[in-house]
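**Student:** Just the structure for this:
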Amino acid sequence: MGENRPRTRAPAGTAAMIVPESKRGSTIAYVFLGWSLAAAVGLPLVTLIAARYGWRAAYGGIGALGVVSFLLLIWRLPSGLPGTPVALRTWLDLLQNRLVLLLLLITTLFIAGQFVIFTYMGPLLSRLTGASADAISLVFALYGVFGFLGIAFATRIVDSWGAYRVSLLFMGAVLAGTTGFAVTTGNYPLMAASVAVWGLGFAAVNSMQQVRLVAAAPPLASASVSLNTSVLYIGQAIGSGVGGLLYGYDLLYETGYVGAAFVAAALLTVIATRPKPAR
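**Tutor:** Okay, the predicted model is just below:
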């Protein structure tokens, strides 16, 4: 009967099954190179295509790339990977794990803070600095390129530094970037530079969250990593909703500060999860 129960899979969880435990941290971080590379190329490209050819062309391109990704998974993903069946008891065990709950809270706050700004970054730049579609695309490109650089560096240091310290480092980068975005509101070059600093941490922090969740409860990793994805979407909804309210009431200058406040709360929660020194 156990073989017929549903199994929860995610890219990070699948990667953790493929490699030895000693390489798990760097491998999970490596998975997120694809995410940051997609941001580096996809975000500015979508902005340019939508501005020139309309949203239908942009969504059509996204759909075509989705089909290509699906075919690549069928071709290259190993079959027969072992996974722990996710039963009701699994979720109860996760809810009783304090570290797992704190890590999920970090993801929620971290993503919410970014999406207060990120969802409306194009219109904010346009209204506050008069930026053109090309200039906005450049900011998205900076976000993605620096995200790629950040996750590449995180991949190299996570096995030696540990996921906690790497997470702390890059969460600090996101807080510095979002705070800079708020403080320099109205100045396009400085806002763009702030987004670049912010971009250093966006993918790196999320990959460290996955690494820490796997380490917090290895037998429940497939469920905890999937749950992290779920709260990521909750964070997106919260951040986009808060940002929408601010934008709707024309509180454009306040948006950056509210986003930075969420990220600051996430950073404080990271500090609260500091591993106890080994005796």
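**Student:** contacts, neighbours, all on C-alpha from now
**Tutor:** Will do.
**Student:** give the contact list for the closest residue to I106 other than its chain neighbours.
**Tutor:** Excluding its sequence neighbours, the residue lying closest to I106 (CA to CA, 6 or more residues apart in numbering) is A266, at 4.9 Å. Applying CA atoms under 8 Å, 6 or more residues apart in numbering, we find A266 in contact with L105, I106, T107, L109, F110.
**Student:** I'd like those as a markdown table, with neighbour count appended.
**Tutor:** Output for these, formatted as a markdown table (neighbours: other CA atoms under 10 Å):
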| residue | neighbour count |
| --- | --- |
| L105 | 20 |
| I106 | 28 |
| T107 | 27 |
| L109 | 27 |
| F110 | 31 |
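**Student:** any idea how far L99 is from D93?
**Tutor:** 12 Å (CA to CA, to the nearest Å).
**Student:** which of those two has more neighbours?
**Tutor:** The neighbour count for L99 versus D93, taken as other CA atoms under 10 Å, is higher for L99 (19 against 12).
**Student:** Surely the more buried one and T273 touch.
**Tutor:** Yes. Here L99 reaches T273: they are 6.8 Å apart, a contact under CA atoms under 8 Å.
**Student:** tell me the pLDDT at P219?
**Tutor:** As predicted, P219 sits at a pLDDT of 80.
**Student:** What is the neighbour count of it?
**Tutor:** For P219, the count of nearby residues is 14 (other CA under 10 Å).
**Student:** and if you look at P277?
**Tutor:** P277: 5 surrounding residues under other CA under 10 Å.
**Student:** Where does it sit: helix, strand or coil?
**Tutor:** On the three-state scheme (DSSP: H, G, I helix; E, B strand; the rest coil), P277 is labelled coil.
**Student:** returning to that earlier point: how near is the residue nearest to I106 to G248?
**Tutor:** Look at A266 and G248: by CA to CA, they are 25 Å apart.
**Student:** what stretches of this structure score poorly on pLDDT?
**Tutor:** 1-17, 19-33, 35-37, 39-40, 80-86, 278-279 (pLDDT under 70).
**Student:** so where do the helices sit in it?
**Tutor:** In the chain, the helices defined using DSSP state H lie at 11-18, 24-53, 55-76, 88-95, 98-118, 121-129, 133-161, 163-183, 188-216, 221-248, 252-272.
**Student:** I'd like to check the angle between the fourth one and helix 221-248, please.
**Tutor:** This points to helix 88-95. Helix 88-95 runs at 60 degrees relative to helix 221-248, counting by axes from the mean of the first three to the mean of the last three CA atoms, to 10 degrees.
**Student:** now swap in the last one and tell me
**Tutor:** Put simply, helix 252-272 runs at 160 degrees to helix 221-248, going by the same axes, to 10 degrees.
**Student:** Can you give me the buried ones in helix 252-272?
**Tutor:** Within helix 252-272, the residues scored as buried using 16 or more other CA atoms under 10 Å are 252-253, 255-267, 269-270.
**Student:** got the angle for it vs helix 188-216?
**Tutor:** 30 degrees.
**Student:** and what of the fifth one?
**Tutor:** With the same axes, to 10 degrees as the basis, helix 98-118 and helix 188-216 are set at 160 degrees to each other.
**Student:** cool, the fourth one as well?
**Tutor:** Put simply, helix 88-95 runs at 120 degrees to helix 188-216, going by the same axes, to 10 degrees.
**Student:** Quick check: which helices or strands does helix 88-95 pack against?
**Tutor:** Here helix 88-95 touches helix 98-118, helix 221-248, going by 3 or more CA pairs under 8 Å, 6 or more residues apart in numbering; DSSP states H and E.
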